[in-house]
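[1] A predicted structure for the sequence below; I have some questions about it.
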Amino acid sequence: MSRRKGSGRRKRTPQSGNPARQSSGERGDALMVNASGPGAVAAGRDVIGSSTHVHQAVPLPRADEVDPPLGVAPRLPFRTQRFVGRVGKLAELDVALAGPGGTVVQAVHGLGGVGKSTLAAHWAHRHAADHTLTWWITADSAAGVTAGLAELAQMLVPELARDTATASSVGLPERADWARQWLATHAGWLVVLDNVTHPEDVADLVTGAPDGRFLITSRLREGWDDIASALVELDVLSPAEALELLRGIITTGRPDASLDGDAALCAELGYLPLALRQAAAYIRQTRITPARYLAMLEEQPAVMYDRAARGSDASRTMARIWRLTLDALTDTPLAGHVLRILAWWAPEDIPRNLLDPLGDPVEITTALGDLAAYNMIGLEEDTVTVHRLVQAVARTPDPRTPDHPDADPHRRSTDIDNARHQATDLLKQATPTDFNAPAGWPTWRALLPHIDALAEHAPEATDTSTTSLLVNHTAIFLIEQGDLTRALGYFERALNANQRLHGDDHPKTLIARNNLAGGYRTAGDLGNAIPLFERSLTDHKRIMGDDHPDTLNTQYKLAVTYESAGDLSRAIPLLERTLSDHKRVLGDDHPDTLNTRDSLAFTYQEAGDPGRAIPLYEHILTDCERVLGDDHSSTLNARNNLAYTYQAAGDLGRTILLYERVLADRARLFGDDHPSTLTSRNNLAGAYQTAGDLRRAIPLYERTLSDCERVLGDEHPSTLNTRHNLASAYREAGDLWRALPLCKRTLADCERVLGHDHPLTLNTRNNLAAAYRESGNPRRAIPLFKRALADRERVLGHDHPDTLTSRNNLAAAYDSAGAPGRAIPLYERTLADCERVLGGDHPDTLNTRNNLAAAYGSAGNPRRAIPLLTRTLADCESILGFDHPLTKTARANLEKIRK
C-alpha cells in the first residue's frame, strides 16, 4: 500500500532493543522530549544546593519512518461469539468504509445499550486483514483519546514500554502527538473511536489524518457534520433477532434449558441488546426461566434493572448505562425531568405539544433536542418516541438512599413522583371537554395510548383527584365511542380513587358511582346497573335530601334503567314521580324537567300506550320550541322522538315528514358528518323500511354506513347499528346473498366490541337467525333463535319485551319448519305473557295474536284461526289504524284463511 509522505525514504521497523536515533540534519523532523526547552538539557540545583540528576533528552524516531508492525494482533475488544443480525448495518459499513483514498470517517450512533460497540468490534474483527493496523480507543473523554493514542505510540515504539531513557522522558501528551504524526503519514489503518461523548475531543485527530479509516461510535446523534463523512443509526434488534440472541446465551452449555416466556421477555425489554444480554446471562447463571425473570422484573424492577450476572461488568447494566448519558446533560437540568415525564406515557407518537405547559418554549425545545442528540429519545416535528426500557428505568426509583455513594441522582423517588403528577396534569389539560364533538376526536385518539400507559404504570394507590378526573373523562369518551370494556375499567378506577381520597359520602364519590352505574347501563349490564343506582339514590337522599338536583337526577337515571330492563311497572311510576318533583323544584321549563317528560313519553310508547305517549311528546316539542328555540339540540331531539312515536303507532306519513325535517335541520346546524346527523339519516332509512319502501331505505342505509365508517370508525356502536339495520333491510328485500354475510360480520363485530350480552349483540344474533329462517335453513335458524331467547331470558329477564319477541320468533321458526305442534304452544304462552306484561292493546301483543292465528290456519284449524284473526284485525284497525303494516298483514292473513 502506497504512502502519501516520505516516499523513497528508508523506514524503520520497531525492533526490540534498538535505541532511538536522531538523523543528522533532520532534527526539526524528530519529536524531541526535552527537560526545559527545545534542544536543551535541564540542569540545576535543588533548594539545598545539591545537583539534580536529569536524563539526556532522547528523541523518538521519525513517525513516517516507522512501519506498521508485522504479525501483531489487532487491538480490539474480545469478539463476541453471539453476534446476531445487523446484516444491513454491516453492509452499510462495508460500503462507507471501502471508499478509495483519503480519510473516511463513519459514525455509528444510537441509544446506550443498543449494540454500537458490538457492531463496530464485529466489523473491525471481520476486516482486520484489510488494514495495516487496527486500533481501538475508548474515546469517552479527551483524556481517553490521549491515553489511547499514547498506547498506540507505545505499541509502535516498543522502547516506550520499557524502563529506558526514552520511556521515562516521554509523557502521555508527547506520545499522543507522535501517534497523530504516525497516522498522518501512513495509510491503510483503521482506528475505532468508541463511545465518543464530545465530538470536539476527536475533531483534530480525524481532520489531521489524511489517509485512513475512522469508525466512531457514539450516543450522540448530532455534532458530526464537520467530522464524519457518513452516519449509521443503530436501532434495536428485530423480534426474531432478539429471540435468537436471548435463546443463544441461555442455552450455551445448557441446551435443554427452559425457554418458557422468552418472547414475552424480549418484548418487555424492547429488543434492546444490552438488556437481552444482561437478562440472558442472569437466567443462565441462576437456572430460572425467562418467565420467572419477567415476573421478578415486574415485582422488583429497581433491583433487576441493576442486577448483573456474576462475572459480568457491573457498570454495563440497564440502570447504569443511561445514568452516564444524563450525567452528560447536567447543563440542561430540564432534560432529566422531561425524560421522567415521558416515561409515564406510551413509547411512541407522544405529541410534542403535550409538554408546552411545562414552561419556557425555548427551554423545553432545548431539553428535547439534547435528549435526542444523545439518542435518549426520537424527535420529529410533532412527536417524540422513547424506548420502552428507557422509560421503565426512568420511572423506577433507585432503591439506594440519596446519600449512598452509588445512588442515581436521576432516579430519586421524589423526582419520579413529581414527574408522574406532571404527566397526569399535562394529559388532563390536553383532553377536549366536548366528548360528542367530532372535531376533538383526533386529539382524544392521539392521547388515549398515553392515558392507557399512565394508568398501567401508575399504581392506583397513587391516584390523585386529577387522575380521577382524567380517567373519568376518558371513560365518558370511550362510552361514546363504544369501547365499553375500557370505559367501565376507568369508571371503576375513578370511583375507587374518590372513595379513597374523599370517602363514600363525598359528592365526587357519588358522581363517580352514578357514572359507573350509567356505564353498566350503556353496556347492557343491567344486573349491575340497577343495584348501583338504587344504592346511589339512597345515599343521595340521605346526604343531600330528596329535592336536591343531584338526587332527582339519580332518581331519573334509575327510572330509565328500569325501562331498559323492561320493568315498566317500576319505571313509569318512578318517572311520573320524578317529573312531578322536577316541576316543583326546578319548574316546568327547566331542561331536566323537559328531559324527564321526554323519557316518560318514551316509556309510555314502550308500554304500548301511544294515546298517552303522543300527546306528551307533542307537548314537549311545543315547550322546547318556546323555551329553547327551533334549532336547539333538545328541540331537535324532541322532534326526533315524536317521529319515533308516530312510527310505532303506524302513522308513517307524519313519521317520514318529521324525520326528514330533523335530518335537514341537523345537517344545516351541525354538518353532514355530525353523529346526530348520521343518526337522523339512519332513522329516516328505518322509517322508509317500516313503510315497505326498500328502494329508498337501502341506498340511504348504505350511504349512512359508509359515512359512519369514515367518520366514526368501523367499530363505533352507531356504525354497528347501521350495519345491522342494512342487513335487516337486505333480508326484508329478499337479498339473502348480501344479508347473510353482513349479519355474520355484524354479529362477530358486536360480540368482539360490545360483548356477547349487549342489547345490540342480542338483536344482531336474532337478525342472523331470521336470515337463516328466510333462506330456508331452519337447522341453523332454530338453534340460533334458541340461544337468542336463552340469552335474553338470562340478561333481560323472562318478561322483558325483547325476550317476548325472541319467544315469538322461535315459535315462528318452528312454524316455518313445519312443526306447528311446537310452534302453537309457544305462541300461546307468548301471547299470555304479552297480555299480562304489555297489555292486550300493545302492538307486540297484537303481532303475537296475529302469528298464533296464522299458525292455527297453517295447522288446518280455521275454526280457531278465523275468530282470532277477526278480533286481531278489529283491534289493529282501532288501535293502530287501517293503514298500519300490522293491520294490513292481519287483513291479508284473514283473507287467505277464508279462501
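    That came in fine, so what should we check first? Numbers count the residues shown, from 1 in each chain.

[2] contact partners for the closest residue to residue 763 other than its chain neighbours?
    Closest residue to residue 763 apart from its sequence neighbours, by CB to CB, 6 or more residues apart in numbering: residue 724 at 6.5 Å. The way it works is simple: take the backbone N, C-alpha and C, and place the C-beta from them, glycine included. Going by CB atoms under 8 Å, 6 or more residues apart in numbering, residue 724 touches 743, 746, 750, 760, 763-764, 767.

[3] tell me which residues touch residue 413, please.
    With CB under 8 Å, 6+ apart, residue 413 has these contacts: 397-398.

[4] make 177 the first number, not 1, from now on.
    In the new count, where the first residue is 177, that last one comes out as residue 589.

[5] could you report the pLDDT at it?
    For residue 589, the pLDDT comes out at 89.

[6] ok, now the one 5 residues further on?
    Looking at residue 594, its pLDDT reads 96.

[7] in which helix or strand does it reside?
    Assigned by DSSP states H and E, residue 594 belongs to helix 589-606.

[8] check which residues of the helix or strand following that helix are buried.
    Next in sequence after helix 589-606, counting helices and strands by DSSP H and E, comes helix 617-633. Neighbour counts over helix 617-633 (16 or more other CB atoms under 10 Å) mark 617, 620, 622-624, 626-631, 633 as buried.

[9] go on, stretch 360-380?
    360-363, 365-375, 377-378.

[10] residues contacting the residue nearest to the spatial centre of the chain?
    In the chain, the C-alpha nearest the mean C-alpha coordinate belongs to residue 625, at 3.3 Å (CA atoms, centre = their mean). Counting by CB under 8 Å, 6+ apart, residue 625 makes contact with 521-522, 524-525.

[11] what subset of these is buried?
    521-522.

[12] hang on, the earlier thing: which members of the buried residues of stretch 360-380 occur in strands, if any?
    Of these, the ones assigned to strands by DSSP state E are 365-370.

[13] residue ranges for the strands of this structure, please.
    280-285, 309-314, 365-370, 389-394, 406-409, 526-527, 554-555, 559-561.

[14] would you mind giving those strands as TSV with distance to residue 1050 and mean pLDDT added?
    Shown next, in TSV, are the strands of the chain (distance: least, CB to CB, whole Å; pLDDT from 0 to 100):
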stretch	distance to residue 1050	mean pLDDT
strand 280-285	88	84
strand 309-314	101	93
strand 365-370	97	94
strand 389-394	92	92
strand 406-409	83	87
strand 526-527	67	96
strand 554-555	76	87
strand 559-561	70	93
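
[15] nearest to residue 788 among those strands would be which one?
    Proximity to residue 788 (CB to CB) singles out strand 526-527 among those, at 52.4 Å.

[16] so what does that closest one touch, helix or strand wise?
    Strand 526-527 sits against strand 559-561, helix 617-633, with contacts defined as 3 or more CB pairs under 8 Å, 6 or more residues apart in numbering; DSSP states H and E.

[17] so residue 647 touches residue 627, yeah?
    Yes - with contacts counted by CB atoms under 8 Å, residue 647 reaches residue 627, the gap being 7.4 Å.

[18] what's the spacing between residue 900 and residue 646?
    33 Å (CB to CB, to the nearest Å).

[19] chain center to the helix holding residue 594, what's the gap?
    Here the centre of helix 589-606 is set off from its chain's centre by 19 Å, with CA atoms, centre = their mean, to the nearest Å.

[20] buried stuff in it?
    Per 16+ other CB under 10 Å, helix 589-606 contains these buried residues: 591-592, 595-604, 606.

[21] will you turn those into a markdown table that also has distance to residue 1020?
    Formatted as a markdown table, the buried residues of helix 589-606 follow (distance: CB to CB, whole Å):
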| residue | distance to residue 1020 |
| --- | --- |
| 591 | 65 |
| 592 | 61 |
| 595 | 59 |
| 596 | 55 |
| 597 | 55 |
| 598 | 57 |
| 599 | 53 |
| 600 | 50 |
| 601 | 53 |
| 602 | 53 |
| 603 | 48 |
| 604 | 47 |
| 606 | 48 |
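
[22] for these, which one is nearest residue 775?
    Of the buried residues of helix 589-606, the one sitting nearest to residue 775 (CB to CB) turns out to be residue 604, at 32.4 Å.

[23] which residue is the nearest non-sequential neighbour of the closest one?
    residue 646 (4.6 Å).

[24] who's in contact with that neighbour?
    By CB under 8 Å, 6+ apart, residue 646 lies in contact with 600, 603-604, 607, 627, 630.

[25] pretty sure residue 678 is touching residue 686, no?
    No - using CB under 8 Å, residue 678 is not in contact with residue 686; the gap is 9.8 Å.

[26] these two: which is more packed in?
    residue 686 (23 against 16; other CB atoms under 10 Å).

[27] break this protein into its domains for me.
    252-409, 415-481, 494-577+587-600, 961-1075 (automatic domain parsing).
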